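> Model the structure of this input:
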Amino acid sequence: MKKYIITIIVLVMCIPINAQNTNSGYFADGYLYRHELNPAFDNRQGYVSMAGLGNVNIKMNSNLRTDNILYNINGKTTTFLNPEVSTSEFLNDIKDVSKINANVRLDVLSVGFKGMGGYNNIGINLRSDINARIPKSIFSLAKEGPQNKEYDISDFGVDAAVYSEIALGHSHKINDKLRIGANMKFLIGGANVTAQFNKAKIILDQEAFQAVTNAKIHSSIKGLQYKTEIKERGPEGQKTEHEYVTEADIDNFKPNGFGMAFDLGVEYKISEYWSVSAALLDLGYIRWSTDMVASTNGDRYFTTDKYIFNTDEDADNSFENESDRLTEGLATLYELQDNGDMGARTTGIGATMNLGVEYTLPSYTKLKFGLLNTSHFKKNYSWTEFRLSANCAPTKIFSATANVAMGTFGTSFGWLLNFHPNGFNIYAGMDHTLGSLAKQGLPLSGRAHVNVGLNFPF
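Have a look, this model is predicted:
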């Protein structure tokens, strides 16, 4: 059991760490990709991105720290399972539900230009969104081992989607105070996988070992087929064949669905020194053309009550024979059956809301302060963050921002430097400064972010 739990944790912690947007750039002067945070924002001039390098964004958010999993004992790196790591020390640092969020928007090509009475953006992007939830009870079971208690791991789930988008945006000035904007996005689905324990409880006591599971995996990937294995289950003379999924194979990967999404934004200037803004991003869906389902097909139960051991090695219920039956019974809890392609299904891509307030210092108008609230809405995987920033543009060719954030994933310090003379624009920033790394290269905080880009204004 511990082997499977540790495998799950390691796989989730090693999710590719990528990001969708850089919140540090929301109030940053000269940051060309502010329209991805609020489509009402415009730029002073047009631009074209360096193909594939206009907006390179790498990020991971988590309230599960790497140093909650890896420990340094006597100069050597070990996991929390090491007996020298006390149970109380380990579990006190683990949240009731550990959340991990990683997503990517890789800019393939972007163009911004003035026209049609406003400012326009055209972008082609590759995107992914990966979310995971790990209940504390999984860590408790792994660390404590079989003790007289109940473990409920029903909160465990993973949701991942990969798709591309073609975005058309327009920002329009209504009057001197009000500006509105919208993006229309055409989505091309690549892959989607949703795994969820709808029910997973284990009860351990001195008399019996009882468990119930109910799990399902939806895989919308063109060319995917589950590989299965057949085993015989049941007592001697009454064995029946059971087929279960062992792995998945992908042949001839190709687009697997289409959808649409919209971004809506507004910016309002209250006075010479105060302005407010709001945006709703990614209001949309993807209709996946396939849905390969693997499932327990309802609740699956197991109990040790029926196992009575006999010291006689030749007896039918000898310790060895009963141990084999116990192992076989436990195996059925997590073995999923291939239900085949259940047809098309529709999923939301997860909406994000940004609410911003900006104040310009009257005595030095090149210095501005901003407060941004970002909330992401997705069933089982929502999160929120407040970010306070100081933004300075001392010259026409250089701007910088420094900020601090608090929210679902803890506290972080961010920054962004933007150099934008005539002819090119280059920037670098982080929503979460990297900090110390483990020997394996993983950030000890469980959070990381690097954002760089090269563009050409005109």
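
> quick one: buried residues of stretch 135-145?
For stretch 135-145, burial by neighbour count (16 or more other Cβ atoms under 10 Å) applies to Pro135, Lys136, Ser137, Ile138, Phe139, Ser140, Leu141, Ala142, Lys143. No exception for glycine: its C-beta is placed from N, CA and C like everyone else's.

> Can you list which of those residues are found in helices?
Among those, the ones falling in helices (DSSP state H) are Lys136, Ser137, Ile138, Phe139, Ser140, Leu141, Ala142, Lys143.

> Report the separation between the third one and Phe113.
Think Ile138. According to Cβ to Cβ, to the nearest Å, Ile138 stands 51 Å off from Phe113.

> got it, and the last one?
Relative to Phe113, Lys143 is positioned 57 Å away (criterion: Cβ to Cβ).

> The second one too?
With distances defined as Cβ to Cβ, the gap from Ser137 to Phe113 amounts to 54 Å.

> Which two of the buried residues of stretch 135-145 have the greatest separation?
Pairwise distances among these were taken by Cβ to Cβ; the largest, 13.5 Å, belongs to Pro135 and Lys143.

> next structured bit after the worst-scoring helix or strand of the chain on mean pLDDT?
Among the helices and strands of the chain, helix 2-13 carries the lowest confidence by mean pLDDT, DSSP states H and E, at a mean of 43. Sequence-wise, the next helix or strand downstream of helix 2-13 (DSSP states H and E) is strand 47-49.

> That following strand packs against which elements?
Counting contacts by 3 or more Cβ pairs under 8 Å, 6 or more residues apart in numbering; DSSP states H and E, strand 47-49 is packed against strand 97-115, strand 448-457.

> ok, now which ones touch the nearest residue to Val452 once chain neighbours are set aside?
Leaving out its chain neighbours, the residue that sits closest to Val452 by Cβ to Cβ, 6 or more residues apart in numbering is Ala428, at 4.7 Å. With contacts taken as Cβ atoms under 8 Å, 6 or more residues apart in numbering, Ala428 has the following neighbours: Leu416, Leu417, Val450, Asn451, Val452.

> Name the secondary structure element that contains Ala428.
Mapping Ala428 onto the secondary structure by DSSP H and E places it in strand 425-430.

> how far off strand 448-457 does that strand point, in degrees?
Orientation check (axes from the mean of the first three to the mean of the last three Cα atoms, to 10 degrees): strand 425-430 against strand 448-457 gives 170 degrees.

> So what's the residue count around Glu150?
The burial count assigned to Glu150 is 11, neighbours taken as other Cβ atoms under 10 Å.

> name the element it belongs to?
Secondary-structure assignment from DSSP H and E places Glu150 in strand 149-152.

> Provide the strand pairings for the following helix or strand past that strand, with the direction of each partner.
In the C-terminal direction, the helix or strand that comes right after strand 149-152 (DSSP H and E) is strand 157-173. Applying DSSP bridges, strand 157-173 is found paired with strand 118-135 (antiparallel), strand 178-204 (antiparallel).

> between the first one and strand 97-115, how many degrees?
Relative orientation of strand 118-135 and strand 97-115, computed by the same axes, to 10 degrees: 170 degrees.

> sorry, back to before: centre of the chain to the strand holding Glu150, how far?
Remark: strand 149-152 is offset 27 Å from the chain centroid, using Cα atoms, centre = their mean, to the nearest Å.

> who does that strand pair up with?
strand 178-204 (antiparallel).

> got the angle between the partner strand and helix 136-144?
40 degrees.

> which parts of strand 178-204 are buried?
179-183, 185, 187, 189-197, 199-202, 204.

> Chain neighbours aside, what residue packs nearest to Pro34?
Just so we're on the same page, residue 34 is Arg rather than Pro. Nearest residue to Arg34, sequence neighbours excluded (Cβ to Cβ, 6+ apart): Phe41, at 4.1 Å.
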